Structures are given as structure tokens and as C-alpha cells.
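# Show me the folded form of this:
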Amino acid sequence: MQWVLCVKSTSTRGGYVRNINVHDVHSRAWMYRPLEITFSYMGGGNQTLFPDVRDIRFDRVRVARAERAYRMVGAEARRIRSVAVTNSRFDVVAAEAVVQYADDVTIRNVWIGGVQAG
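Now for the predicted structure:
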């Protein structure tokens, strides 16, 4: 399994992803990135049809090993909005979590590699 939730899009697709709730997930297997949201999939394109991605809740998720706990990369022209990662634990990670071009991101009671991140 590579992801718990993965939203991959570009500026050529449009559409929306809203009101997603992921909770009570426990994985002992390695994962690439348990939570990934990206607007630059396959190069991203250079159009203006970015998706509207908002109101994502990621709660009570535990992952034993991952490349990153999460990666959220919107676009300067269209930011990801309202994402909450709460009450979650990512035990062993190889790289830092990433948040770019995202507003209203809440990281609360989250442990990454044994260190409280928020």
C-alpha cells in the first residue's frame, strides 16, 4: 500500500475534492506517503483548471514506516484549503513532512518519528 489517501491532479483537470474524512487506520506495512495531495502530478501542466481541494480530515491514523508522514503541495494560483491531521502517529519516517501552498492546515497531537509535530 502506498497511500491512505492520495489526491493527484494538475492544472488541466479541474473538479473538486471536498469533505473527506479518513479515520481509524492502522498500518504496520511500509507506505510511501500516507497522505499526499499534489497539484503537480505528471509535471502539472500550465493551464488554469486547478482542482478545488479542501476540508480533508485525517484522524487517528497510525503508520509504522513511511517515506514521509504527509505531503501537501498545492499551487500558488490555487491553494489547498482546510486540512487537519490529528491524533495520529507515524513511527519511522525517512524524510520531513511537506506543506506548500496550503492554507488552514492543522497538525494537532501528531507524532512523527517519535517527536511531537503538533
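
# Which residue, neighbours along the chain excluded, lies closest to N21?
R57 (4.6 Å; C-beta to C-beta, 6 or more residues apart in numbering). C-beta: built from backbone N, CA, C; applies to glycine.

# burial measure for the one you found, as a count.
Using other C-beta atoms under 10 Å, R57 has 15 other residues around it.

# for L49, same thing?
13.

# Just confirm it is within a strand.
No - the assignment for L49, made by DSSP: H, G, I helix; E, B strand; the rest coil, is coil rather than a strand.

# Surely it is in contact with S11?
Yes - applying C-beta atoms under 8 Å as the test, L49 and S11 come out as touching, 5.8 Å apart.

# any idea how far L5 is from the residue nearest to N21?
10 Å (C-beta to C-beta, to the nearest Å).

# so what's in contact with those two at the same time?
20, 22 (C-beta atoms under 8 Å, 6 or more residues apart in numbering).

# Next, please give the residue ranges for the strands of this protein.
5-8, 16-31, 35-38, 52-66, 70-73, 80-93, 98-100, 102-112, 115-116 (DSSP state E).

# so what strands line up beside the fifth one?
Using DSSP bridges, strand 70-73 pairs in its sheet with strand 35-38 (parallel), strand 98-100 (parallel).

# what's the answer for the fourth one, then?
Strands adjacent to strand 52-66 in the sheet, as given by DSSP bridges, are strand 16-31 (parallel), strand 80-93 (parallel).

# Counting by contacts, list what the worst-scoring helix or strand of the chain on mean pLDDT packs against.
Every helix and strand in the chain was compared by mean pLDDT, DSSP states H and E; the lowest is strand 5-8, with a mean of 90. With contacts taken as 3 or more C-beta pairs under 8 Å, 6 or more residues apart in numbering; DSSP states H and E, strand 5-8 sits against strand 16-31, strand 35-38, strand 52-66.

# any idea which of the ones you listed is most buried?
With neighbours taken as mean count of other C-beta atoms under 10 Å, those reach their highest mean count in strand 35-38, at a mean of 24.

# Noted, bye for now.
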